[in-house]
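missing the sequence, but the structure's below:
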């Protein structure tokens with residue numbers, strides 16, 4: 001295993017550890033279940049969110065299989081075609097992943113008890129605009145974009161390119177859905193925040 005393999009496994013461990021520990025903390029100490037995937041949604045929107053979650057699980061499994069150089073892979077052989085195999089590509093991918101992790105960890109520091117996965121209609125948290133959210137309205141989504149792109153560059157496989165492209169599309173669509181939800185939930189404070197802070201990163 002190489003440095004890039006260990007980095008990818010570490011990113012999965014950090015991601016799962018932060019998500020699970022924060023969810024357990026909020027359920028145990030606040031009585032709030034922050035995992036509300038599909039909550040408040042119907043029809044196509046709900047289906048897309050559930051499919052996106054399922055896709056993330058499969059992607060993580062495939063990532064780990066590649067990182068440990070397993071002989072078995074989830075997806076068919078044609079999807080495992082090598083597109084990029086350069087060291088420069090791996091370094092760029094690792095850099096994007098590292099930057100993404102900084103956004104991810106910064107988001108959880110800033111979120112406090114307002115973190116949710118999905119739309120929480122019953123117990124929404126307060127609007128968070130400080131910390132990393134002063135630079136990006138969607139630091140966790142930005143992390144996911146950088147994570148998927150970085151993993152593709154480090155592995156260079158067609159399957160990871162497909163996942164990266166789909167992720168960019170689905171996350172942008174999800175952000176638009178959330179903007180509508182947040183506009184109704186927080187009204188003018190959110191509109192003001194939205195006018196001052198970039199959707200992905202401020203400029």
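Great, that's in hand. This is a predicted model, so every value here is computed, not measured. Numbers count the residues shown, from 1 in each chain.

these two touch, right, residue 105 and residue 17?
No: Residue 105 lies out of contact with residue 17 (C-beta atoms under 8 Å); the separation is 10.9 Å. C-beta: built from backbone N, CA, C; applies to glycine.

Next one: the most centrally placed residue in the chain relative to residue 187, how far apart?
Centroid-nearest residue in the chain, with C-alpha atoms, centre = their mean: residue 144, separated by 3.2 Å. According to C-beta to C-beta, to the nearest Å, residue 144 and residue 187 sit 27 Å apart.

Kindly report the same for residue 93.
On the measure of C-beta to C-beta, residue 93 and residue 187 end up 40 Å apart.

Among these two, which residue is more densely surrounded?
Taking neighbours as other C-beta atoms under 10 Å, residue 93 and residue 187 compare with residue 93 leading, 25 against 11.

For the more buried one, give me its contacts.
4, 149-154 (C-beta atoms under 8 Å, 6 or more residues apart in numbering).

Assumed it was part of a helix.
Yes: counting by DSSP: H, G, I helix; E, B strand; the rest coil, residue 93 is part of a helix.

Quick check: pLDDT value at it.
Looking at residue 93, its pLDDT is 97.

which residue packs closest to it, ignoring adjacent ones?
Leaving out its chain neighbours, the residue that sits closest to residue 93 by C-beta to C-beta, 6 or more residues apart in numbering is residue 153, at 2.9 Å.

ok, and what's touching the helix or strand harbouring the one you found?
Using DSSP states H and E, residue 153 maps to helix 139-155. Residues from elsewhere that reach helix 139-155 (C-beta under 8 Å, 6+ apart): 4, 7-8, 11, 15, 59, 63, 66, 84, 89-90, 92-97, 99-101, 103-104, 106-107, 110, 132-133, 136, 160-161, 163-164, 167-168, 171, 174-175, 200-201.

Only the buried subset of these, as a PyMOL command please.
Command for PyMOL, covering only those of those found buried under the criterion 16 or more other C-beta atoms under 10 Å:
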select buried, resi 4+7+8+11+15+59+63+66+84+89+90+92+93+94+96+97+100+101+103+104+106+107+110+132+133+136+160+161+163+164+167+171+174+200
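
So which residues of this structure form helices?
3-25, 43-67, 87-111, 139-155, 158-186, 188-196 (DSSP state H).

List the buried residues in the last one.
The one in question is helix 188-196. Neighbour-count burial for helix 188-196 [16+ other C-beta under 10 Å]: 190, 193-194.

so it versus helix 158-186, what angle?
140 degrees (axes from the mean of the first three to the mean of the last three C-alpha atoms, to 10 degrees).

No more questions from me, cheers.
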